[in-house]
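Colleague: Pasting a predicted model and its sequence here:
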Amino acid sequence: MTMSTTNAHGVSGSQASSIGTVPTQLLFGIPIHPMTMSEAIEVCDQTIQNRKKLMIGVVNAAKIVNMRRMPILGQAVLQSDLVLADGMAIVWASRILRRPLPERVAGIDLFEQLLGVANRRGYSIYLLGATQVVMDRLVVRITAQYPNLHIAGSRNGYFKDDENEKIATQIRDAKPDMLFLGMTSPKKEVFLARWNTFMDVPVCHGVGGSFDVLSGQTKRAPESWQKLGLEWLYRVVQEPRRMWKRYLVTNTIFVGLLIRELFHRSPPLVLEAAPTTPNSAAAT
């Protein structure tokens, strides 16, 4: 990946106001925060209470590979204020490389934990992603399970690029405390990287396919599979035609990256200047 200048952590300058100077572990050229789930939750809660801003990024083996294939994804992830290990493969790799991360902080688990925080604190949330059918089911389930949080708004994730500004404006005007994006990569990362400042939401978290799971549309791997780092295999079992080739390729490449990293540490991936957001003056 070809990149230019950035700060010491390879993330946007807003990090200083939200998580301070938390040290990172450099893995595959990516600065990852060695946090536990409870620590990440505390950071998010404090960010909302202090009306700061925090854009969360999560990485697993497939995303590490795809960040090198798709520079736009790599750039978007590097703009995150907080980067967490979403996959067990990343945690295991960190230990092999002697740059250990304390534990896996799965995006879906973080999502559920933050819903619990919102319920206890009375925070508001905005949900963006999935199909309208899944979104309708998700809203019903969240409302029933977390009656004290407020859903400031929701929208399915099927929209064209020329609708981005309108959707970002709707989210900004709804003034949620947290925004969750249930969309695929790199769409969710790119949307957040471009519109995060404009939307002015304290905590933004891309949760991928979590909406499908929490709505009951799909099943998550059993906990035993998760602990063994086989959640990806469970997805292959569920959708073999669509998933087998994707994971075969990315997992093989990731093993190759790990072997190379053992002998030649990757230099930090560096963040280019963020693109100017159209009509960004409206956010000020």
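Modeller: Everything's here; your move. These figures come from a predicted structure and were not determined experimentally.

Colleague: Give me the mean pLDDT for stretch 34-42.
Modeller: Across stretch 34-42, the average pLDDT comes to 97.

Colleague: before we move on, what about stretch 133-147?
Modeller: Mean predicted lDDT for stretch 133-147 stands at 98.

Colleague: buried residues in that stretch?
Modeller: Val134, Met135, Arg137, Leu138, Ile142, Tyr146 (16 or more other C-beta atoms under 10 Å). C-beta coordinates here come from the backbone N, C-alpha and C atoms, glycine included.

Colleague: got a markdown table for the residues you listed, with distance to Met70 and secondary structure too?
Modeller: Shown next, in a markdown table, are these (distance: C-beta to C-beta, whole Å; DSSP: H, G, I helix; E, B strand; the rest coil):
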| residue | distance to Met70 | secondary structure |
| --- | --- | --- |
| Val134 | 25 | helix |
| Met135 | 26 | helix |
| Arg137 | 31 | helix |
| Leu138 | 28 | helix |
| Ile142 | 31 | helix |
| Tyr146 | 34 | coil |
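
Colleague: for the residues you listed, which one is nearest Phe159?
Modeller: Set against Phe159, the nearest of those by C-beta to C-beta is Met135 (12.5 Å).

Colleague: Just give the closest residue to that closest one, not the sequence neighbours.
Modeller: Once flanking residues are discounted, Met135 sits nearest to Asn156: 5.1 Å by C-beta to C-beta, 6 or more residues apart in numbering.

Colleague: repeat for Leu127
Modeller: Ser154 (4.2 Å).

Colleague: Can you check the pLDDT for the residue nearest to Met135?
Modeller: Asn156 is given a pLDDT of 97.

Colleague: Kindly report the same for Ala281.
Modeller: Looking at Ala281, its pLDDT reads 34.

Colleague: before we move on, back to that, tally of neighbours for the residue nearest to Met135?
Modeller: 18 (other C-beta atoms under 10 Å).

Colleague: try the one 3 residues further on
Modeller: A total of 15 residues lie near Phe159 under the criterion other C-beta under 10 Å.

Colleague: Need the three-state assignment for it.
Modeller: Here Phe159 is coil, with the state taken from DSSP: H, G, I helix; E, B strand; the rest coil.

Colleague: I figured it was touching Gln170, is that so?
Modeller: No: using C-beta atoms under 8 Å, Phe159 makes no contact with Gln170, being 10.9 Å away.

Colleague: If we only consider the buried residues of stretch 133-147, which is nearest to Val65?
Modeller: Val134 (27.1 Å).

Colleague: Which residues are in contact with the closest one?
Modeller: Val134 makes contact with Asn156, Gly182, Phe211, Asp212, Ser215, Gln217 under the criterion C-beta atoms under 8 Å, 6 or more residues apart in numbering.

Colleague: Give me the neighbour count for the fourth one.
Modeller: A count of neighbours around Asp212, defined by other C-beta under 10 Å, yields 19.

Colleague: Likewise for the third one?
Modeller: The local packing count at Phe211 equals 29, with neighbours defined by other C-beta under 10 Å.

Colleague: again with the fifth one
Modeller: By the measure other C-beta under 10 Å, the count of residues near Ser215 is 21.

Colleague: now do Met55
Modeller: 27.

Colleague: Next: Glu261.
Modeller: A count of nearby residues for Glu261, using other C-beta under 10 Å, gives 17.

Colleague: so it touches Arg99, yeah?
Modeller: No: between Glu261 and Arg99 there is no contact under C-beta under 8 Å: 9.5 Å.
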